[in-house]
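Q: Pasting the sequence and the predicted model now:
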Amino acid sequence: MAKKKSHDEELQRGLERLREYNIPIHEPSASLIDSIKTHLGRGRDTDLALVFLLGRIADQSALETLTDLDRAATDKEVQREVRRSLYKLAQKGLSASRPESQKAPLHKAVLNLSPEVEGYLSSVDGAGGRLVWLAKPQAGSGMQLLQGMVSDRDGLVRVGGTIIRRRELRRMAQDIRERHGVTMISVPWEYADQILYEGFEKAEVPGRSGLEEFSSLRSIFTLAKPKSLPHPVYDRLQTDGLRPGTWRELSRRLLDEPEFRFWILDADWMKPYLEQAGEAQESRLVLNQLQKEERFAAIVRDAAREIFAGERGQILQRRMEDMALYLLETQRGEEAKLALAVAVAIKEGDLGGLGSLDITFLTGLIQKSLAFYLSQVEEKAAAESSLIVRP
């Protein structure tokens, strides 16, 4: 833990020095690569920060620079950061060619079936949906599979069950990974059952049809009502060391992970703040650029404090806990700790003081969501304007 803290502190110091060099660390682009090269070698902290920035630039020249550094770097911490950045570029479709003997899938499916009940879980999608499996060997007939799509707001959306051979189940997991970039990770079956059961209870309230088979399918695995258990990620990661350190600023790097790429907060959650942002843009007051940015930042802070609290906060806490476990199981331990730190902060209401909100993942997610919905409003207005017939 001390080693991880030291790494994060060095990276933070490096980012601060890059600010002093007037390098725009929040919006790195291919035009910066030549400048980045000139600053390499000034110190380990700046090298770590520069390598971190290269991992955020989806450009062939960034890949080539990192590949050269991977061969030339002698410092182990810099080497590790180089490989992290190369991994991130690979997730964006940029990867250096390697000999066939060295190639390996980035996300290996975790599907080691045993004679007991097994649970499997996907990543959380942008709308808060998860694919959940329960699998149980059946004597002489393969595997009994129960699969459900669960929304954390709407409950169990779809459910199905079938008898399937082991190799077909593995092929199904591989197909999901290849088509959608989603790995089905292994989780305690009790937790998978808990998600399905809670989703079914939530879906029953509005009387959704199409779920009539759930109880009979589930009875093949268990008849007992699931117990309320702590999230399994807390058995894998300790929370004591999450609070100190620079994780609040570094948490924004989660938005670079492919699973978070399509995360947009729900429209009804964002509507009040979308209206405020629209009013600020259309204000008759003469505002300079700095005033506009300050007003937008205030809207973002208000939105974060209100959205990431109460029932909505609990929903987002669960999403981040599931993602922490998912990242851990797909060999991204540092990102898993960042996701869990965000979940714990939401759980404890530790989002920052009244004058600031310094968890960059949360502010980044709000900014991203506002930009998405504002662009939709602008596109709709432009489409309506084009239909007006002018004399």
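A: Received it, and whenever you're ready, just let me know what you need.
Q: I'd like to check which residues are in contact with Leu351.
A: Ala304, Arg305, Phe308, Ala309, Ala345, Leu357, Ile359, Leu362 (C-beta atoms under 8 Å, 6 or more residues apart in numbering). For every residue, glycine as well, the C-beta is placed using N, CA and C.
Q: any chance of the residues you listed in TSV, plus neighbour count?
A: Output for the contacts of Leu351, formatted as TSV (neighbours: other C-beta atoms under 10 Å):
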residue	neighbour count
Ala304	21
Arg305	16
Phe308	24
Ala309	14
Ala345	23
Leu357	21
Ile359	23
Leu362	27
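Q: So which of those residues is the closest to Pro137?
A: Lowest distance from Pro137 to these (C-beta to C-beta) belongs to Ala345, with 40.9 Å.
Q: wait, that closest one sits on Ile359?
A: Yes. Counting by C-beta atoms under 8 Å, Ile359 is a contact partner of Ala345 at 6.0 Å.
Q: Show me whatever sits in contact with both of these two.
A: Arg248, Leu351.
Q: would you say Arg171 is within a helix?
A: Yes. The assignment for Arg171 is a helix, going by DSSP: H, G, I helix; E, B strand; the rest coil.
Q: Give me the distance between it and His39.
A: 48 Å (C-beta to C-beta, to the nearest Å).
Q: neighbour-wise, which of those two wins?
A: Neighbour totals were compared for Arg171 and His39, and His39 leads with 17 against 14 (other C-beta atoms under 10 Å).
Q: list the contacts for that one?
A: Leu18, Tyr21, Ile23, Thr46, Leu50.
Q: Give me the buried subset of the residues you listed.
A: Among the contacts of His39, those classed as buried by 16 or more other C-beta atoms under 10 Å are Leu18, Ile23, Thr46, Leu50.
Q: Which of the three states applies to the second one?
A: The assignment at Ile23 comes out as coil when based on three-state DSSP.
Q: Please apply the same query to the third one.
A: At Thr46 the chain is in helix, as set by three-state DSSP.
Q: Let me know the helix or strand that the residue nearest to it when sequence neighbours are not counted is in.
A: Nearest non-adjacent residue to Thr46, counting by C-beta to C-beta, 6 or more residues apart in numbering: Gly14, 4.6 Å away. Element membership of Gly14, judged by DSSP states H and E, is helix 2-20.
Q: Name the residues of the next helix or strand after that helix that are buried.
A: Using DSSP H and E, the helix or strand that follows helix 2-20 in sequence is helix 33-39. With burial defined by 16+ other C-beta under 10 Å, the residues of helix 33-39 counted as buried are Ile33, Ile36, His39.
Q: With only the CA atoms kept, save helix 33-39 in CSV.
A: Extracted C-alpha coordinates of helix 33-39, given in CSV (Å, rounded to 0.1, in the frame of the first residue of the first chain):
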residue,chain,number,x,y,z
ILE,A,33,3.5,14.6,-28.4
ASP,A,34,6.6,16.6,-29.7
SER,A,35,6.5,18.7,-26.5
ILE,A,36,6.1,15.6,-24.4
LYS,A,37,9.2,14.1,-25.9
THR,A,38,11.3,17.2,-25.1
HIS,A,39,10.3,17.0,-21.4
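Q: And the average pLDDT for that helix is what?
A: Across helix 33-39, pLDDT averages out at 78.
Q: Going forward, count from 676.
A: New numbering, starting at 676: the last item is helix 708-714.
Q: What separation is there between the residue lying closest to Ile1034 once chain neighbours are set aside and Glu986?
A: Leaving aside its sequence neighbours, Ile1034 sits nearest to Arg923 (C-beta to C-beta, 6+ apart; 5.0 Å). Counting by C-beta to C-beta, the separation of Arg923 from Glu986 is 24 Å.
Q: higher neighbour count, the two?
A: Using other C-beta under 10 Å, the more surrounded residue of Arg923 and Glu986 is Arg923, with 21 against 8.
Q: any idea which helix or strand carries the more buried one?
A: helix 922-925.
Q: Can you pull the phi/psi pair for the residue positioned nearest the centre of the chain?
A: Nearest to the mean C-alpha position of the chain, by C-alpha atoms, centre = their mean, lies Phe935 at 3.5 Å. For Phe935, the backbone dihedrals are phi -90, psi 0 (criterion: degrees, to the nearest 10).
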